[in-house]
Structures are given as C-alpha cells and as structure tokens.
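A.B. asks: This is a predicted model, with the sequence first.
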Amino acid sequence: MTTAQGSLSEKIMTLREKTGAGIMDCKKALVENNGDIEKAVEFLRKKGLADVAKRAARSTKEGLVAVKVSPDGKTAAMSEITCETDFVAKTPDFKKLSEDIVSYVLANPKDGDYSDDAKIKEMVLAVAPKLGENMSLRRAVNYRLSGNGAIFYYLHSDNKKAALVELACENASSPVAKLQEAAKELGMQIVAMFPRFLCKAEVPAAEIEKEKEIYTTQAKNQGKPDAAIAKMLEGRIKKFYEEICLLNQASVKDSKKTVEQYLADITSDCGKVTVKRFARYHLGV
C-alpha cells in the first residue's frame, strides 16, 4: 500500500519516532485509522493512558532527583521523579523527562506542592507509555532568593540524593560564588547526615518530650536511679539535637567544629551568614 504520505512501512517508522510504541502497535493503529498518522498517534496515546491506569498500582522505588539553578542564581528548583526499575531510570527518555520537569519547576515558581500540576502530569503521560512503567512526580520545590544571599545545591553522583540550601547574608557585597560554594558544602553535609531541622528552636516540644520519655524508660529498665537519670538526660537531649539539627551537627569537613562554627569560618569575610532554609531529597525516603 502506497499513499501520498508514503508506504505503510514508512508510516510505521514515522509513528514509532513520534510515540516510541512497538512496531505491531503502530501497524495496528495505522490500519484501524486508515493510515492517518495523527489519528494513529491519538489512538496510541489513548491506549497508553489505559495502560498507565493499569500500571498505577505498581510500586515505584527507582527514579531520579534533579536540581537546577537559574542563570542569575536567584531561583533554584529540585524534583524527584519515580519509576519502577533502575533500567528505565537510566534511559535517555527518563533522564530527559527529569530534566524537563525540574526546568519547568524552575520557570514556574509557586509555594505549594507540584504533585497535582497539570502540565507535569501531561509531561509524564507523554513518556510513560513509551517506557512502559508506572512513573510520577513524587515531589518538587522551588526556592526564590529574598534579600542578600545565595541559593545553591549539592547533587550526589548517583542522581538519587540532593540538597538545596538558601543562605542569607548581611553584607550585600559578599561574593556570590563564595556563598554558593558554602551552600554546596552544607548540601553535602545535609545529604550525608540527614538533619531534619535547622536548629533547636525548630524541633517540636512534643518530640523532645517523647525522646525524654523513651530515654527515661530505658534507663529505669537498666536499674539506674532517678538522680542519675536526671543528670544523664541533659546529655542525651544535647546529643539528640546534635543528631537532628543541622547547625548542631559535627561538620563532615571538620568534626571538631559544629556546622554553625564551620559556616562562620568559611564565610568570615562575608559578614554574618545564616542558613535560611534547606530541603533534602533522597529517592524513596
């Protein structure tokens, strides 16, 4: 069969390039739509959406984390997109989807969650049928710099762990490159040590009380007297802060200093530098 648009085999190849569908699926779509390529594309997309619905219940434990900063350094975005297998996560199509999504988040800042963003869902649905796996955006965040400071990130080499950090600075003339490098150093700390809070003031009182209760119960079960427990409790809570609060953690670069002390040292010529906020993404965690 030959038409003005070419032979069936040529149309099959064109349709494959457009959709990534298999040869037999392309042939069936063309036959059922009288060789009309655009109608065949629509046919395959509808079929793909049906397949996506069937795959929706399958778990997605693999994927990629991506980070991107605007050329002026004033906006940054981080995203986590998931799929079923590491094989698909390594494909060019999935990598491009990850980059396209983080670029979209960067260009479309908002304070809320991106999980229900219609454009992102459309981007995912355009790729999922071709790769044949359940995939979705798990989370995304956009940081916009307010005032003096810098936003930067650390992305681990496996593209499965990353941290985004915003620093505030009193000195408006502080070199941005140095602040970005400091933010990257903190990002490495955050990825490695998994702090849940910035400082003591952010830790909910209920969480501290729960930790005290757990430690007190453990100590009593070990037969320790109340007086000793009260004395040891102070040290235990101090250690708890050092585990979960970024500024109280021992620096991975210099374990003799806290992160707060280390930050002050490496930005000593920038005026007072503080951590305004941070986000940490670890695939599946």
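C.D. replies: Thanks, I have the structure now.

A.B. asks: CA atoms for contacts and neighbours, from now on please.
C.D. replies: Noted.

A.B. asks: in the stretch 101-250 of the chain, which spans are helices?
C.D. replies: Listed in chain order, the helices of the stretch 101-250 of the chain (DSSP state H, counting those that start in this stretch) span 118-131, 176-193, 205-221, 226-244.

A.B. asks: and for the second one, what are the contacting residues?
C.D. replies: Just to be clear, that refers to helix 176-193. Residues from elsewhere that reach helix 176-193 (Cα atoms under 8 Å, 6 or more residues apart in numbering): 149-154, 161-167, 246, 251-252, 259, 263, 266-267, 280, 282.

A.B. asks: could you redo the last one with a cut-off of 6 Å?
C.D. replies: Helix 176-193 is contacted from outside by 150, 152-154, 163, 165, using Cα atoms under 6 Å, 6 or more residues apart in numbering.

A.B. asks: From those residues, list the buried ones, please.
C.D. replies: Listed as buried from the contacts of helix 176-193 are 150, 152-154, 163, 165; burial here means 16 or more other Cα atoms under 10 Å.

A.B. asks: pLDDT for those residues - can I get that in a markdown table?
C.D. replies: A markdown table is the format used below for the buried ones among the contacts of helix 176-193 (pLDDT from 0 to 100):
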| residue | pLDDT |
| --- | --- |
| 150 | 95 |
| 152 | 97 |
| 153 | 97 |
| 154 | 98 |
| 163 | 98 |
| 165 | 97 |
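
A.B. asks: Quick check: of the residues you listed, which lies closest to residue 117?
C.D. replies: residue 163 (22.3 Å; Cα to Cα).

A.B. asks: Any figure for the gap between that closest one and residue 133?
C.D. replies: Separation of residue 163 from residue 133 (Cα to Cα, to the nearest Å): 27 Å.

A.B. asks: same question, residue 84
C.D. replies: Distance from residue 84 to residue 133, counting by Cα to Cα: 6 Å.

A.B. asks: Over to residue 269?
C.D. replies: Distance of residue 269 to residue 133, given as Cα to Cα: 51 Å.

A.B. asks: which of residue 84 and residue 133 has more neighbours?
C.D. replies: residue 133 (22 against 18; other Cα atoms under 10 Å).

A.B. asks: How about the contacts made by the more buried one?
C.D. replies: Taking Cα under 6 Å, 6+ apart, we find residue 133 in contact with no residue.

A.B. asks: What ranges does this protein have for its strands?
C.D. replies: Using DSSP state E, the strands found in the chain span residues 2-3, 6-7, 62-69, 75-83, 136-144, 149-155, 161-169, 273-282.

A.B. asks: and those strands as CSV, adding distance to residue 91?
C.D. replies: Shown next, in CSV, are the strands of the chain (distance: least, Cα to Cα, whole Å):
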stretch, distance to residue 91
strand 2-3, 35
strand 6-7, 31
strand 62-69, 11
strand 75-83, 11
strand 136-144, 16
strand 149-155, 19
strand 161-169, 18
strand 273-282, 20
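
A.B. asks: looking at the ones you listed, which is closest to residue 42?
C.D. replies: strand 6-7 (19.4 Å).

A.B. asks: any idea of the mean pLDDT for the closest one?
C.D. replies: The pLDDT scores in strand 6-7 average 71.

A.B. asks: ranking the helices of the stretch 101-250 of the chain by burial, who's on top?
C.D. replies: helix 176-193 (a mean of 21; mean count of other Cα atoms under 10 Å).

A.B. asks: Let's have the helices of the stretch 101-250 of the chain in a markdown table, adding distance to residue 25 and mean pLDDT.
C.D. replies: As requested, the helices of the stretch 101-250 of the chain are arranged in a markdown table below (distance: least, Cα to Cα, whole Å; pLDDT from 0 to 100):
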| stretch | distance to residue 25 | mean pLDDT |
| --- | --- | --- |
| helix 118-131 | 11 | 88 |
| helix 176-193 | 44 | 95 |
| helix 205-221 | 55 | 89 |
| helix 226-244 | 52 | 88 |
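
A.B. asks: right, so of those, which gets closest to residue 141?
C.D. replies: Between residue 141 and those, the tightest spacing by Cα to Cα is seen for helix 118-131, at 13.2 Å.
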